[in-house]
Structures are given as structure tokens and as C-alpha cells.
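**Student:** Dropping a prediction and its sequence here:
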Amino acid sequence: MDKKSLFLITFLLCFFTISCAQNNGISYLALGDSYTIGESVPEDERWPVILSNELSESGIEVNDPLIIAKTGWTTDELQNAIKEQNPANDYDLVSLLIGVNNQYRGYPIDQYKKEFKQLLLQAVSFANGDTTLVFVVSIPNYGVTPFGMEKGEEKIRQELLVYDAIADSISSEMNIPFINITPISEKAKEDSTYIASDHLHPSGKQYKEWVEHILPDVEMILKNASQKHN
């Protein structure tokens with residue numbers, strides 16, 4: 001066998017091995033806004049990335065997550081982005097965290113209620129219609145950050161409680177876990193290391209603590225999914 005043929009066979013074997021490894025990993029889609037894309041932190045400190053890495057280290061191989069999120073997005077802007085990107089409908093895990101910019105811009109609460117439900121239904125569709133593969137994360141309380149305190153700490157807290165109550169209620173109706181990370185975010189009031197350099201968004205330290213709180217629920221989701229398919 002000549003060197004050219006040997007190189008081609010080696011290349012194909014490597015490509016096949018990599019493809020199989022990728023296909024065998026858990027596919028994860030994260031939908032959201034600045035909190036999901038990790039504004040003001042490095043890519044490896046975004047919470048969906050930390051979550052994927054933690055799962056992989058525990059023996060549950062997870063592929064790099066697809067993150068559809070951008071700083072400033074409201075529910076309708078996330079819907080438009082989803083339409084443009086048109087993700088697949090066979091994800092093994094899907095998360096949704098959205099609403100802070102609806103609150104910040106003073107959008108009608110009924111708009112959030114309507115569009116959050118639509119987004120959650122879309123999230124389910126991306127998990128091949130399986131509600132047990134989807135989870136929702138609460139909105140962190142940015143009212144305790146230096147930026148938030150200037151805008152009105154108590155007003156922000158009360159308004160976000162309403163948003164989270166709506167998301168929790170809709171999630172519960174669909175038997176989808178609603179994971180409350182808000183108390184973790186409120187540690188930033190006393191500990192500035194929980195806040196990124198922009199004085200508004202969570203730091204990598206805070207996101208890591210989110211993941212510690214989220215991880216047991218996600219491990220249960222994936223465990224149950226594995227049992228269903230065995």
C-alpha cells in the first residue's frame with residue numbers, strides 16, 4: 001500500500017471515530033439572553049458550558065452546547081432568532097432562561113406570559129416533543145448589583161418575582177422543572193465576587209454555583225431518559 005492510500009485510510013478512520021464520538025454525546029440546546037450567553041465572562045465560564053463540562057467529567061459525555069442567546073434579547077427577539085437559526089428537533093437536553101429584558105423595558109406582563117409559553121413549547125419541540133428533556137431557569141435578581149441599585153433594588157426584585165412566578169406556573173403545568181437560582185444571585189449584594197466586571201451580570205463564580213444547583217436536576221433528567229431508551 002502506498003503512502004497516499006495509507007494516509008487516506010488513516011484520515012477516514014479518524015474522521016469516523018470523531019463523528020461517532022460526537023454522535024454518542026448528549027446534544028444540548030440552551031435558549032436565552034445575556035445570562036445564557038454569559039455577558040462579560042469568558043466562554044468557558046458561561047453556565048451552559050460549565051454544565052456540559054461538569055456532566056462530561058461525571059461520565060455523561062455532552063457535546064458542546066448550541067447556545068441561541070444574546071445580550072438584550074426579549075422573548076419576542078429570542079423567538080425571531082430561533083426562527084432564523086431553525087435548530088433541529090432531536091436535542092437530548094434543552095434549557096430556557098428568558099424575561100429580564102421584558103421586565104427592564106417595561107413590556108406588558110401579558111406579553112411575557114404569552115411568549116414564554118410559546119417559547120417553552122418550542123423548547124419541547126426541539127427535544128422531539130419530550131417535556132422530560134427540558135428545564136427552565138429562574139431570572140437572577142440584578143436589583144442587588146450596583147447597576148440595579150441605581151435603578152431601584154426593591155422595584156426590580158418585586159417585578160422579577162412576578163416574572164418568575166409566571167414561568168414557574170407555566171412550567172409546572174407542563175411538568176417541566178423550574179430551577180430557582182435567584183437566591184444564589186442575591187449573594188452578590190454582600191459579595192462583589194459574584195458580579196462580573198460590568199457591575200451587572202453574574203461572574204463565572206456565580207455561574208459555577210448556579211450549575212452546582214442545577215446539576216442534580218439535569219442528572220435526573222438524563223438518567224430517566226436513559227432508562228426510557230433501555
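**Tutor:** Sure, I can see it.
**Student:** Counting neighbours, what do you get for the nearest residue to Leu133 once chain neighbours are set aside?
**Tutor:** Distances taken as C-beta to C-beta, 6 or more residues apart in numbering place Ala127 nearest to Leu133, at 3.8 Å, with adjacent residues excluded. C-beta: built from backbone N, CA, C; applies to glycine. By the criterion of other C-beta atoms under 10 Å, Ala127 has 21 neighbours.
**Student:** What distance do you get for Ala127 to Ala88?
**Tutor:** Using C-beta to C-beta, to the nearest Å, one obtains 10 Å as the distance from Ala127 to Ala88.
**Student:** next one: Asn24
**Tutor:** From Asn24 to Ala88 the distance is 16 Å (C-beta to C-beta).
**Student:** dump the residue contacts of the spatially most central residue of the chain.
**Tutor:** Of all residues in the chain, the one closest to the mean position by C-alpha atoms, centre = their mean is Ala30, 4.0 Å from it. The neighbours of Ala30, taking C-beta atoms under 8 Å, 6 or more residues apart in numbering as the test, are Thr36, Pro48, Pro65, Leu66, Ile67, Ile68, Ala69, Val94, Ser95.
**Student:** On the three-state scheme, the last one is what?
**Tutor:** Which is Ser95. strand (DSSP: H, G, I helix; E, B strand; the rest coil).
**Student:** so what's the residue nearest to the centre of the chain closest to, chain neighbours aside?
**Tutor:** Pro48 (3.9 Å).
**Student:** Okay, and the one you found sits in which element?
**Tutor:** helix 47-57 (DSSP states H and E).
**Student:** how distant is that helix from the center of its chain?
**Tutor:** Centre-to-centre, helix 47-57 and its host chain are 11 Å apart (C-alpha atoms, centre = their mean, to the nearest Å).
**Student:** secondary structure class for Thr71?
**Tutor:** On the basis of three-state DSSP, Thr71 is classed as coil.
**Student:** how far away is it from Ser197?
**Tutor:** For Thr71 relative to Ser197 (C-beta to C-beta), the value is 14 Å.
**Student:** Neighbour count: these two, which is higher?
**Tutor:** Neighbour count, other C-beta under 10 Å: between Thr71 and Ser197, Thr71 has more, with 14 against 9.
**Student:** can you pull the contacts of that one?
**Tutor:** With C-beta under 8 Å, 6+ apart, Thr71 has these contacts: Asp33, Ser34, Ile37, Glu39.
**Student:** Tell me if I'm right that Leu55 and Asp217 touch.
**Tutor:** No: Leu55 lies out of contact with Asp217 (C-beta atoms under 8 Å); the separation is 11.9 Å.
**Student:** between the two, who's got more neighbours?
**Tutor:** Leu55 (21 against 14).
**Student:** give me phi/psi at the residue nearest to the more buried one when sequence neighbours are not counted?
**Tutor:** Excluding the flanking residues, the one nearest Leu55 by C-beta to C-beta, 6+ apart is Val62, at 4.7 Å. With angles defined as degrees, to the nearest 10, Val62 sits at phi -120, psi 130.
**Student:** One more: the one 5 residues further on?
**Tutor:** Dihedral pair for Ile67: phi -110, psi 120, per degrees, to the nearest 10.
**Student:** Could you count how many residues lie near it?
**Tutor:** Ile67: 19 neighbours (other C-beta under 10 Å).
**Student:** swap in Ile170?
**Tutor:** Neighbour number of Ile170 under other C-beta under 10 Å is 18.
**Student:** Right, I'll leave it there.
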